[in-house]
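1. Structure of the sequence below:
(3 chains)
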Amino acid sequence: MPELPEVETVKRIIGPQIIGQRIAGVEICNNQVIAHPELEQFAEILSGRAFTSMSRQGKFLSFHMDNGDELVLHLRMTGQLLVTPEDYPMEKHTHVIIHLEDGRQIRYIDVRRFGRFWYLQKDEADTFTRRNKLGPEPWDTSFTANYLQTKLGKKKKAIKEMLHDQSVVAGIGNIYSDEILFVSEIHPETRCCELTESDWQVLAEKIPEILEWGIETNAMSPEEYLAGKGKEYRNTPDLRVYGREGKPCVNCGADMERITIGGRSSCFCPVCQKKRE
DNA sequence: CTAGCTTCCTGATAGC
DNA sequence: TGCTATCAGGAAGCTA
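-> As a prediction, the model looks like this:
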């Protein structure tokens, strides 16, 4: 699933291919993925605009337009963006096709159709995307051990669940939360109120470290991306934890275990990640 | 305010 | 072999 590192990867791959390009037309094959404005307006308003830059906030992607408008996209579970030649084979779950003036296309593919587009005109108040509810990026100066401890230190919820709360820190999903807790040597079920000051310090350090590592290992060429990696969002990042139930821990060799926390599967090493007493 | 449950959606996989 | 049931999960919406 695309999390912060994968969304950043999409931005880095797609951005350079489309910046400066003008939109010739928009085809919408499935209206569910357009959240705002109304369908007819969406295609109409995009046509003729040119892309000036791309940015990312948490798991939200933004395309900035030459007139100050902004196209926002959240990929949710299975959303994919591809820049293709005109005659590139069409994938089954293609919902939006943005035609560029040079003939290439930006295609939005989403098997489960949870992803959403919003088009915001310059100065239009964003009451739609909830980006204003996002917490800091992991690299913000405000993202510190003290911030985490103050925000979460009294909560009874499992730390694993709270790492997914986008208002605490933007960008973490189920895969990277497992990786983060593993390198932090914290059991995913540990209640936030049971974590020590040193745990919060480790988390404040490991969260940006793991997400940066994700971005670095995802690095790939646009050709590799189009050839199939775009489907996985990541370039075999060698996950140490996620999906390794029953396999040996890369640190100690013990069998990795899997449990369900807040409805999400969680993998961890029962030896390296002990619960706090 | 929080906790817990449901919804959205399809494809992969498990079980019979 | 072929059917049905379950699971996967980001985030919002709902109830208590």
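
2. quick one: is stretch A:34-52 near DNA strand C?
-> No - Stretch A:34-52 lies apart from DNA strand C when judged by C-beta under 7 Å from any atom of the strand; the minimum separation is 9.6 Å. Bear in mind the C-beta positions are built from the backbone N, C-alpha and C, glycine included.

3. Buried residues, that stretch. List them.
-> A:34, A:35, A:36, A:37, A:42, A:43, A:45, A:46, A:49, A:51 (16 or more other C-beta atoms under 10 Å).

4. hmm, that stretch touching DNA strand B?
-> No - Stretch A:34-52 stays clear of DNA strand B (C-beta under 7 Å from any atom of the strand), getting no nearer than 12.2 Å.

5. which ones among the buried residues of stretch A:34-52 are found in strands?
-> A:34, A:35, A:36, A:51 (DSSP state E).

6. closest to residue A:67 among the buried residues of stretch A:34-52?
-> Nearest to residue A:67 out of the buried residues of stretch A:34-52 is residue A:49 (C-beta to C-beta; 6.5 Å).

7. Please give the element, helix or strand, for the residue of the stretch 51-200 of chain A found nearest DNA strand B.
-> Per C-beta to the nearest atom of the strand, residue A:112 is where the stretch 51-200 of chain A lies closest to DNA strand B, at 3.5 Å. Taking DSSP states H and E as the definition, one finds residue A:112 inside no helix or strand.

8. Give the closest residue to it in space, chain neighbours not counted.
-> residue A:78 (4.7 Å; C-beta to C-beta, 6 or more residues apart in numbering).

9. and if you look at residue A:273?
-> Residue A:273 sits nearest to residue A:187 (C-beta to C-beta, 6+ apart), 4.6 Å away.

10. Now do the same contact list for residue A:69.
-> A:45, A:49, A:119, A:120, A:121, A:122 (C-beta atoms under 8 Å, 6 or more residues apart in numbering).

11. Would you format those as a markdown table with pLDDT included?
-> Formatted as a markdown table, the contacts of residue A:69 follow (pLDDT from 0 to 100):
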| residue | pLDDT |
| --- | --- |
| A:45 | 95 |
| A:49 | 98 |
| A:119 | 95 |
| A:120 | 95 |
| A:121 | 95 |
| A:122 | 94 |
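
12. between the residues you listed, which is nearest residue A:93?
-> residue A:119 (21.3 Å).

13. how would you label that closest one: helix, strand or coil?
-> Put simply, residue A:119 is strand when judged by DSSP: H, G, I helix; E, B strand; the rest coil.

14. Make sure it is actually in contact with residue A:71.
-> Yes - the pair formed by residue A:119 and residue A:71 meets the contact definition of C-beta atoms under 8 Å, at 5.3 Å.

15. farthest-separated two in the contacts of residue A:69?
-> The largest separation in the contacts of residue A:69, counting by C-beta to C-beta, is between A:49 and A:120 at 12.4 Å.

16. quick one: residue A:220 and residue A:175, what's the gap?
-> 18 Å (C-beta to C-beta, to the nearest Å).

17. Who has more neighbours out of those two?
-> Between residue A:220 and residue A:175, residue A:175 has the larger neighbour count (other C-beta atoms under 10 Å), namely 21 against 18.

18. Tell me which helix or strand the more buried one sits in.
-> Using DSSP H and E, residue A:175 sits in helix A:174-183.

19. other SSEs contacting that helix?
-> helix A:159-163, helix A:197-218, strand A:264-268 (3 or more C-beta pairs under 8 Å, 6 or more residues apart in numbering; DSSP states H and E).
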